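Novice: The following block contains a protein sequence and its predicted model.
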Amino acid sequence: MKWKQLLLIVSVSAVTAVASVWGYTQLTQKQLSFVQSVNGVPVNYAGFFGDKSTGGEPADFTKAANAAVPTVVHIKTKIPAKRLNNDLPRNRGNSIDDWFNQFFDFGPTIIPEQRASGSGVIISEDGYIVTNNHVISDGQNGVASEITVTLHNKKVYKAKLIGNDPNYDLAVLKIDGKGLPFMLYGNSDEVQLGQWVLAVGYPLTLETTVTAGIVSAKGRTIGINSRQGQSPVESFIQTDAAVNQGNSGGALVNTSGQLIGINSAILAPTGTYAGYSFAIPVNLVKKVVNDLIQYGNVQRGYLGVTYPSEELSEEQLKQFGMKENEGVYVTAVAPDGAAQAAGIKRGDIITKINGTEVTSGLVLSSTLANYKPGDKVQISYKRKGVEYTTSATLKKSPGNYDEVVKSNLEETLGAKLETLDSKKAEEYGLEGGVLVKSIENGGAISKTRMEKGFIITSVNGYDVKSVEELGKVILSVRGTIKLEGIYPGSDVYSYPLNLNK
């Protein structure tokens, strides 16, 4: 009896175990069926394993590196020592000063000779080279007095400047050579996120150096070109290929050995590589290079509007009644510009140029930078929530804003304004300011306690010395601002002003 009972228990246990496994398997398969496709791959999967063309094979950089290295050059510049006069005023006839000056020489200040280096890319067999403007700059508004180019084979050439543009941070040089190795242009519009790229240049005074990374982002703006240009253009390719000082002007290359960008900048708290580098896309480079060679300057088409250059903060977006990434808010329209002729008005929000979305002033600038004067572009914009489309023929200049800025400013503030006379400013101990000549009833200023004769010297802590400067600040903000200034012979007064009313 005991053996029979034991056998029965074992049999029941085995059947129960098998049934449990079978039931769990069926339940799991039903749950998985909600996320799997017919082929066993999740239906919402990105599809990497299903794409046999990508396959996950390791990339080979040797051919691209060997093609690129001979075309990338080392650029060295020299800026001679400068003699600066010390123009400190002296009190002639003062015996104490005369005695003091006999023992201390307040002569000219000497700025020693400066040397710098960077990289460049040969783009033609007869010696045209593209590099960054800041590589050949004298540190101010000019260019270095001496520029030499050293090829990968150690041959050294004197280079002459063909043209440069600080707004794009690009320059074209020329050396006297024939049959030089040069790099073929790629197509930066076809660059994709995650794509392998190589950075080639002469970092930290080293010889030719190749580093690899991937494309991290496209169309990136970091505000760096505003340090040297009045109308900066930025639409960088961001990579994590290691780039350091000296790489500027060097090549960003795809795995086919084609030029897709000119390395231009890094973001690093220490001044050396910290993870990200930025390159000017080659399609923009081609346009600038062709213009500089053909005309000596960039043929840039202007729309004739002013707008905040940086991306707006959440508070600013609310003030302008905009949604995030909705477009570019127009603060003023030049009466002789292309936008005026196309029907665009102050307060409109430009959303697209020829179908390309624009989400900030720098993106708008970089988009328009691809066009020249006389080109016709389609502009999409919003006015009071309704979207419109119009066409505009770009012009050679942005137009004259002075009168329209003053008119818009006086309308916004409800007051007649005038730049403070320089003699009066000196008398009052000011560097400049804006005189409120009269105040209109019902205007924004009339709702404050300000009286005519007040001299505005700052807005929200930003100094203003003229009507034009005041206009640039006022027309690009909304909400409550703070105007500060003086009445002649009095202390500083502050007035809050609500521009939304």
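Specialist: Sure, I can see it.
Novice: residues near the nearest residue to residue 215 once chain neighbours are set aside, how many?
Specialist: Of all residues not flanking residue 215 in the chain, residue 195 sits nearest, at 4.7 Å (C-beta to C-beta, 6 or more residues apart in numbering). All C-beta spots, glycine's among them, are computed from the backbone N, C-alpha and C. With neighbours defined by other C-beta atoms under 10 Å, the count for residue 195 comes to 16.
Novice: Which residues are in contact with residue 195?
Specialist: By C-beta atoms under 8 Å, 6 or more residues apart in numbering, the residues touching residue 195 are 214, 215, 254.
Novice: Of these, which is the nearest to residue 479?
Specialist: residue 215 (38.7 Å; C-beta to C-beta).
Novice: what's the next secondary structure element after the host helix or strand of the closest one?
Specialist: Residue 215 belongs to strand 209-220 when assigned by DSSP states H and E. Of the helices and strands lying after strand 209-220 in sequence (DSSP H and E), the nearest is strand 236-239.
Novice: what's the average pLDDT for that next one?
Specialist: Taken as a whole, strand 236-239 carries a mean pLDDT of 94.
Novice: who does it touch, helix- and strand-wise?
Specialist: Applying 3 or more C-beta pairs under 8 Å, 6 or more residues apart in numbering; DSSP states H and E, one finds that strand 236-239 contacts strand 196-201, strand 209-220, strand 259-266, strand 277-281.
Novice: can those strands go into a markdown table with extra columns for distance to residue 149, mean neighbour count and mean pLDDT?
Specialist: A markdown table is the format used below for those (distance: least, C-beta to C-beta, whole Å; neighbours: other C-beta atoms under 10 Å; pLDDT from 0 to 100):
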| stretch | distance to residue 149 | mean neighbour count | mean pLDDT |
| --- | --- | --- | --- |
| strand 196-201 | 13 | 25 | 96 |
| strand 209-220 | 17 | 18 | 93 |
| strand 259-266 | 16 | 26 | 94 |
| strand 277-281 | 20 | 27 | 94 |
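Novice: Dump these to CSV, plus distance to residue 356.
Specialist: Formatted as CSV, the helices and strands packed on strand 236-239 follow (distance: least, C-beta to C-beta, whole Å):
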stretch, distance to residue 356
strand 196-201, 23
strand 209-220, 10
strand 259-266, 19
strand 277-281, 13
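Novice: where do the strands sit along the stretch 51-200 of the chain?
Specialist: With DSSP state E, counting those that start in this stretch as the criterion, the stretch 51-200 of the chain has strands at 72-79, 82-84, 109-111, 114-122, 128-131, 146-150, 156-158, 160-165, 170-174, 196-201.
Novice: Mind checking those strands for the one nearest to residue 245?
Specialist: strand 114-122 (8.4 Å).
Novice: what lines up beside the closest one in the sheet?
Specialist: Applying DSSP bridges, strand 114-122 is found paired with strand 72-79 (antiparallel), strand 128-131 (antiparallel).
Novice: out of those strands, deepest packed?
Specialist: Greatest average neighbour count among the strands paired with strand 114-122 goes to strand 128-131 (a mean of 26), per mean count of other C-beta atoms under 10 Å.
Novice: what's in contact with that strand?
Specialist: For strand 128-131, the external contacting residues (C-beta under 8 Å, 6+ apart) are 73, 75, 118-123, 149, 159, 162, 170-175, 248-249, 262, 285, 289, 293.
Novice: Quick one: buried ones out of those residues?
Specialist: The neighbour count (16 or more other C-beta atoms under 10 Å) marks 73, 75, 118-123, 149, 159, 162, 170-175, 248-249, 262, 285, 289 as buried among these.
Novice: The residue nearest to residue 72 when sequence neighbours are not counted and residue 489, how far apart?
Specialist: With C-beta to C-beta, 6+ apart as the criterion, residue 72 has its nearest non-adjacent residue at 4.7 Å, and that residue is residue 200. Distance, residue 200 to residue 489, using C-beta to C-beta, to the nearest Å: 66 Å.
Novice: can you check residue 124 too?
Specialist: Counting by C-beta to C-beta, the gap from residue 124 to residue 489 is 68 Å.
Novice: Who has more neighbours out of the two?
Specialist: Between residue 124 and residue 489, counting by other C-beta under 10 Å, residue 124 is the more crowded of the two (15 against 6).
Novice: Quick check: pLDDT value at the more buried one.
Specialist: According to the model, residue 124 scores 95 on pLDDT.
Novice: tell me the contacts of it?
Specialist: Residue 124 is in contact with 180, 182, counting by C-beta under 8 Å, 6+ apart.
Novice: cool, and residue 75?
Specialist: Counting by C-beta under 8 Å, 6+ apart, the residues that residue 75 touches are 117-120, 129, 131, 135-136, 147-150, 159, 173, 249.
Novice: Next: residue 482.
Specialist: 459, 460, 461, 494, 495, 496, 497.
Novice: will you turn the residues you listed into JSON lines that also has distance to residue 269, secondary structure and pLDDT?
Specialist: Compiled in JSON lines, these are given as follows (distance: C-beta to C-beta, whole Å; DSSP: H, G, I helix; E, B strand; the rest coil; pLDDT from 0 to 100):
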{"residue": "459", "distance to residue 269": "31", "secondary structure": "strand", "pLDDT": "88"}
{"residue": "460", "distance to residue 269": "28", "secondary structure": "coil", "pLDDT": "82"}
{"residue": "461", "distance to residue 269": "26", "secondary structure": "coil", "pLDDT": "79"}
{"residue": "494", "distance to residue 269": "36", "secondary structure": "strand", "pLDDT": "91"}
{"residue": "495", "distance to residue 269": "39", "secondary structure": "strand", "pLDDT": "91"}
{"residue": "496", "distance to residue 269": "37", "secondary structure": "strand", "pLDDT": "90"}
{"residue": "497", "distance to residue 269": "38", "secondary structure": "strand", "pLDDT": "86"}
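Novice: among the residues you listed, which ones are buried?
Specialist: Buried among the contacts of residue 482 by 16+ other C-beta under 10 Å: 459, 495, 497.
Novice: Might one say that the second one is in contact with residue 449?
Specialist: So that's residue 495. Yes - using C-beta atoms under 8 Å, residue 495 makes contact with residue 449 at a distance of 6.8 Å.
Novice: Pull the residues that contact stretch 456-472.
Specialist: The contact list for stretch 456-472 (C-beta under 8 Å, 6+ apart) reads 306, 332, 401-402, 405-406, 408-409, 417-420, 430-434, 436, 473-474, 477, 481-486.
Novice: if you set the cut-off to 7 Å instead, what comes out?
Specialist: The contact list for stretch 456-472 (C-beta atoms under 7 Å, 6 or more residues apart in numbering) reads 402, 405-406, 408-409, 417-419, 430-434, 436, 473-474, 481-486.
Novice: So which of those residues are in helices?
Specialist: 402, 405, 406, 408, 409, 473, 474 (DSSP state H).
Novice: Can you verify my assumption that the fourth one contacts residue 333?
Specialist: The reference is to residue 408. No - proximity of residue 408 to residue 333 does not meet the contact threshold set by C-beta atoms under 7 Å, at 9.0 Å.
Novice: Need the residues touching each of those two.
Specialist: Counting by C-beta under 7 Å, 6+ apart, the residues touching both residue 408 and residue 333 are residue 346.
Novice: Which residue of the two possesses the greater neighbour count?
Specialist: Counted by other C-beta under 10 Å, residue 408 and residue 333 do not tie: residue 333 has more neighbours, with 25 against 20.
Novice: ok, what's across the strand from that one?
Specialist: residue 305.
Novice: Which one of the strands paired with strand 114-122 has the poorest average confidence?
Specialist: strand 72-79 (a mean of 92).
Novice: Could you tell me the angle between that one and strand 259-266?
Specialist: Angle between the axes of strand 72-79 and strand 259-266 is 40 degrees (criterion: axes from the mean of the first three to the mean of the last three C-alpha atoms, to 10 degrees).
Novice: and strand 72-79, how far out from the chain's middle?
Specialist: Distance, stretch centre to chain centre, for strand 72-79: 25 Å (C-alpha atoms, centre = their mean, to the nearest Å).
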